[in-house]
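Undergrad: Following is a predicted model, sequence given first.
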Amino acid sequence: MSNQLSQPSEPQTFDLAEVESAIATTLFRGHLHHLASTSSTNEVALKAALAGTRTGVWIADRQIAGRGRGGHTWHSPAGAGLYMTALIAPAIPMQSALGLSLRVALAVQSAIASTFGFRIPDQIDIRWPNDLMLNGKKCGGILIDTASNPATATRTATLRHAIIGIGINLHPPRAARSRLIPRRVFHAKRREQHEVPKRREQHEVPKRRGQHEVPKRREQHEVP
């Protein structure tokens, strides 16, 4: 797995009411769906889009068939991350929709930075086209699938829908891992904490003058 964002002391549950309140002024109001487990939130959103739904957000505690860019599997165990998909269907030209990936990445980067106090871009950064990087390691990814309405003689091609999948690693598999410090630095600091400083002078036996000393031959280095 890649880098993580937080280290909870105990398992946390999803608060649907709190999220609903946070999105009350957005177009997603009343369209939030929480799933304990699903194959993939992108897959659920796609089925909804094909059935005529134009807006929605699906958040799952666990995905059993999560996927990333290029068909890669996105490991999505319960309690380890945020797995969500947003469905939008604005009537915009497909040319305008090309910038959607960067806009989403910037929005997620900003949300992570403001929530956890990370600095942009030296702590939380974007690796084009769809990776979120925390201290140089991947902590999240974005996968966007779009469909278009074909161009006609009087109209350019327009966006039919966009399925925006976001996966973020939130909790480390082992409680000993730091949320802010890269793993190699974290373990180095732990070693320093347990090491006893060596003070050689405490263990040295005073030498008697002349004992075990090699006579210095200064004359070899003197100029006649």
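TA: That came in fine, so what should we check first?

Undergrad: can we go C-alpha only for contacts and neighbour counts from here?
TA: Noted.

Undergrad: mind listing what Ser21 touches?
TA: When the contact criterion is Cα atoms under 8 Å, 6 or more residues apart in numbering, Ser21 has no partners at all.

Undergrad: What ranges in the chain fall below the confidence cut-off?
TA: Filtered on pLDDT under 70, the chain yields the residue ranges 1-13, 68-74, 172-224.

Undergrad: if I look at the residue lying closest to Pro93 once chain neighbours are set aside, how far off is Asn42?
TA: Leaving aside its chain neighbours, Pro93 sits nearest to Thr158 (4.2 Å; criterion: Cα to Cα, 6 or more residues apart in numbering). For Thr158, the distance to Asn42 under the criterion Cα to Cα, to the nearest Å works out to 21 Å.

Undergrad: repeat for Phe118
TA: When distances are taken as Cα to Cα, Phe118 and Asn42 turn out to be 28 Å apart.

Undergrad: Pick out whichever of these two has more residues nearby.
TA: Asn42 (27 against 20; other Cα atoms under 10 Å).

Undergrad: Just say helix, strand or coil for the more buried one.
TA: Using DSSP: H, G, I helix; E, B strand; the rest coil, the secondary structure recorded for Asn42 is helix.

Undergrad: Tell me if I am right that Ser110 is in a helix.
TA: Yes. According to three-state DSSP, the state of Ser110 is that of a helix.

Undergrad: I'd like to know how many residues surround it.
TA: Other residues near Ser110 come to 17 when the count uses other Cα under 10 Å.

Undergrad: got it, and Pro90?
TA: Neighbour count of Pro90, defined by other Cα under 10 Å: 14.

Undergrad: same deal with Ser76?
TA: Taking other Cα under 10 Å as the neighbour definition, Ser76 ends up with a count of 24.

Undergrad: ok, now which ones touch it?
TA: With contact taken as Cα under 8 Å, 6+ apart, Ser76 is in contact with 62-64, 66, 83.

Undergrad: so which of those residues is the most crowded?
TA: So for those (other Cα under 10 Å), the most neighbours sit at Tyr83, 25 neighbours.

Undergrad: ok, that residue touching Thr41?
TA: Yes. Here Tyr83 lies in contact with Thr41, judged by Cα atoms under 8 Å, at a distance of 7.2 Å.

Undergrad: Restricted to strands, list the contacts of Ser76.
TA: When DSSP state E is applied, the contacts of Ser76 are split such that Tyr83 fall in strands.

Undergrad: among the contacts of Ser76, which two are most distant?
TA: Spanning the widest gap among those are Ile64 and Tyr83, at 11.2 Å by Cα to Cα.

Undergrad: burial of Leu132, as a residue count?
TA: Burial of Leu132, expressed as a neighbour count using other Cα under 10 Å, amounts to 25.

Undergrad: what do you get for the one 4 residues further on?
TA: Using other Cα under 10 Å, the number of residues around Gly136 comes to 16.

Undergrad: how much space between the nearest residue to it once chain neighbours are set aside and Ser101?
TA: Distance criterion Cα to Cα, 6+ apart; nearest residue to Gly136, sequence neighbours excluded, is Gln123 at 7.5 Å. Remark: distance between Gln123 and Ser101 (Cα to Cα) = 21 Å.

Undergrad: so which helix or strand takes in Ser114?
TA: Ser114 is part of helix 100-116 when elements are defined by DSSP states H and E.
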